[in-house]
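[1] with the sequence up front, the predicted model follows.
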Amino acid sequence: MELAPVPRRRPWSWGARTTLTVLVIAPVFLLVLVPAAFGLERYVMTSHAGDAPRGSVVLARVVPLGDLEEGDVVTFARAGTSGLVSGAVVEAGTAGVAVRVDDDELPIGDRTTVARLVLAVPLVGYPFLGGVYTPALALVALLGGLALCVVFLRDSWRAPAPRRDVGMPAWTPHWAEQG
């Protein structure tokens, strides 16, 4: 009985591994470095506000109240609380600025500046919300990390392939050559 050799899977090339690493790590660096480089502030949306769904990472720029228009999504500190509030501007005019937050209309008050949404990246902020969906997200992150470990470390725990030229030295000095 003759057994046919099983072809080995070709390992990922250095370029493929590098590309995968860049594609995984680049968004993280971009969400950390872009705000610092362009003077933007970074927030995680804890509730739906305007065009930014819950769990989005929001990049916002501090602007004066006079620059706001209806529909802008803003983040500010609510008077009397330590947390931030995000909502859509429903009224912007000479009488002041009002923001809709969780079906309530709040006046912004005597602030001179607020942070206006520039860019929202959906779903990225869920791991930072804490307490909400944490077990499911932890499981997804764990499985993703394990998959990356398998891809990158697969060759290191595999037994090396046997050498085909067994019995022959890998290198023969020129003076030892027969000839």
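    The structure has been received and is ready for your questions. On a predicted model such as this, the values are computed, not experimentally measured, just so you know.
[2] just give me the neighbour total for residue 86.
    When neighbours are counted by other CB atoms under 10 Å, residue 86 registers 25. For glycine as for every other residue, the C-beta is placed from the backbone atoms N, C-alpha and C.
[3] ditto for residue 112
    As a measure of burial, residue 112 has 9 neighbours, counting by other CB under 10 Å.
[4] what sits against it?
    Under the criterion of CB atoms under 8 Å, 6 or more residues apart in numbering, the neighbours of residue 112 are 64, 65.
[5] quick check: it vs residue 63, distance?
    10 Å (CB to CB, to the nearest Å).
[6] cool, residue 145 as well?
    In terms of CB to CB, residue 145 sits 39 Å off from residue 63.
[7] and what of residue 31?
    21 Å.
[8] that older thread, more crowded one of residue 145 and residue 63?
    Counted by other CB under 10 Å, residue 145 and residue 63 do not tie: residue 63 has more neighbours, with 15 against 10.
[9] contacts only, for the more buried one.
    113, 114, 115, 116.
[10] tell me the one of those nearest residue 21?
    Closest approach between those and residue 21, by CB to CB: residue 115, at 32.6 Å.
[11] which strand residues bridge the closest one?
    residue 62, residue 75 (DSSP bridges).
[12] burial measure for it, as a count.
    Residue 115, neighbours per other CB under 10 Å, totals 22.
[13] helix or strand: which one has residue 147?
    Here residue 147 sits within helix 134-157, counting by DSSP states H and E.
[14] distance between that helix and the chain's centre?
    Using CA atoms, centre = their mean, to the nearest Å, the mean C-alpha position of helix 134-157 is found 16 Å from that of the whole chain.
[15] equivalent analysis for stretch 23-31, please.
    6 Å.
[16] with stretch 37-50 instead?
    With CA atoms, centre = their mean, you get 14 Å for stretch 37-50.
[17] can you show me the helices along this protein?
    Per DSSP state H, the chain carries helices over the ranges 14-38, 126-129, 134-157.
[18] which residue packs closest to residue 31, ignoring adjacent ones?
    Excluding the flanking residues, the one nearest residue 31 by CB to CB, 6 or more residues apart in numbering is residue 57, at 5.9 Å.
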